[in-house]
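**Q** Sequence isn't available, so here's the structure alone:
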C-alpha cells in the first residue's frame, strides 16, 4: 500500500497537501499496514488454537475473533476454507454482533451529556481535569489533537483523543506535568476558537 500510495501522490496534481506531507503520509500508511499484518497473524493463531481445542468455529466465535482481535469475518471464512473447514451457524455472528451493540447502548444510556456519569464533586473535578488533559495534549503533541470521547465517573476518567502514534514515556510525563502544574496554579480553563487553553 505504501508503494501504491507513493505512485498516487506523485501523480495527484489536485492535492498540494499530499505532496508537502508525502513522507508523513507514507509513514502512517506503512505503519497501519504493519499493524494489520500483525492483526492477521494474531487472528490466525487464535483461530488455530480454537480449532484445536473446540474442533469447530461458530458465527459467535467468529464475532469474538472480530471484536477481540480485529479479525474480519471474511478473513475468518477464508482461513477456514484454506483449512478445509467452514463457519458453523453463521447466523450467530449477527446475533452476537446485535447483543454487543445492545450492551454498548445500555452502558452509555445512563451517562450525562459530556460523558459524565453523575454530578458529584469527584466527577466534576475529573471533568475539569479532562479539559486540562486536552490542553496538555495539544501543548505537547500539537493542535491537531481533539477529544474523541470520554467517560467520567467519581472514581476515574477515560479520555479518548486522536493521534497517529503511541505516546512516549517522555510525552506522557510532559502532559502529566502540564496538568499537575495547572491544578497547582488553580488555572482557569477558557475555550478559544475551538481550542482549549488555560491561564
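**A** Yep, that arrived. Only a predicted model underlies this, so the values are computations on that prediction, with no experimental measurement involved.
**Q** What are the boundaries of the strands in the chain?
**A** Using DSSP state E, the strands of the chain run over residues 147-152, 157-161, 189-192, 195-198.
**Q** Can you give me the buried ones in the longest one?
**A** Buried residues in strand 147-152, counted by 16 or more other C-beta atoms under 10 Å: 147, 150, 151, 152. Where C-beta positions appear, they are placed from N, C-alpha and C, glycine not excepted.
**Q** Dump those into JSON lines; add pLDDT and distance to residue 131 as well.
**A** Compiled in JSON lines, the buried residues of strand 147-152 are given as follows (pLDDT from 0 to 100; distance: C-beta to C-beta, whole Å):
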{"residue": "147", "pLDDT": "85", "distance to residue 131": "9"}
{"residue": "150", "pLDDT": "79", "distance to residue 131": "10"}
{"residue": "151", "pLDDT": "81", "distance to residue 131": "15"}
{"residue": "152", "pLDDT": "81", "distance to residue 131": "11"}
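**Q** I'd like those residues as a markdown table, with distance to residue 160 appended.
**A** Output for the buried residues of strand 147-152, formatted as a markdown table (distance: C-beta to C-beta, whole Å):
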| residue | distance to residue 160 |
| --- | --- |
| 147 | 7 |
| 150 | 6 |
| 151 | 9 |
| 152 | 12 |
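**Q** quick check, nearest of the residues you listed to residue 129?
**A** The shortest approach to residue 129 among those belongs to residue 152, at 8.8 Å (C-beta to C-beta).
**Q** quick one: that closest one and residue 158 touch, right?
**A** Yes. Here residue 152 reaches residue 158: they are 7.4 Å apart, a contact under C-beta atoms under 8 Å.
**Q** one step back: ok, so of the buried residues of strand 147-152, who is nearest residue 68?
**A** Nearest member of the buried residues of strand 147-152 to residue 68, counting by C-beta to C-beta, is residue 151, at 20.3 Å.
**Q** partner residues bridging the closest one?
**A** Following DSSP bridges, residue 151 is listed with bridge partners residue 158.
**Q** Could you check how far it is from residue 132?
**A** Applying C-beta to C-beta, to the nearest Å, the value for residue 151 to residue 132 is 17 Å.
**Q** Could you do residue 101 as well?
**A** According to C-beta to C-beta, residue 101 stands 33 Å off from residue 132.
**Q** Show me which of the two is the more surrounded one.
**A** residue 132 (20 against 10; other C-beta atoms under 10 Å).
**Q** how much space between the more buried one and residue 33?
**A** Distance from residue 132 to residue 33, by C-beta to C-beta: 36 Å.
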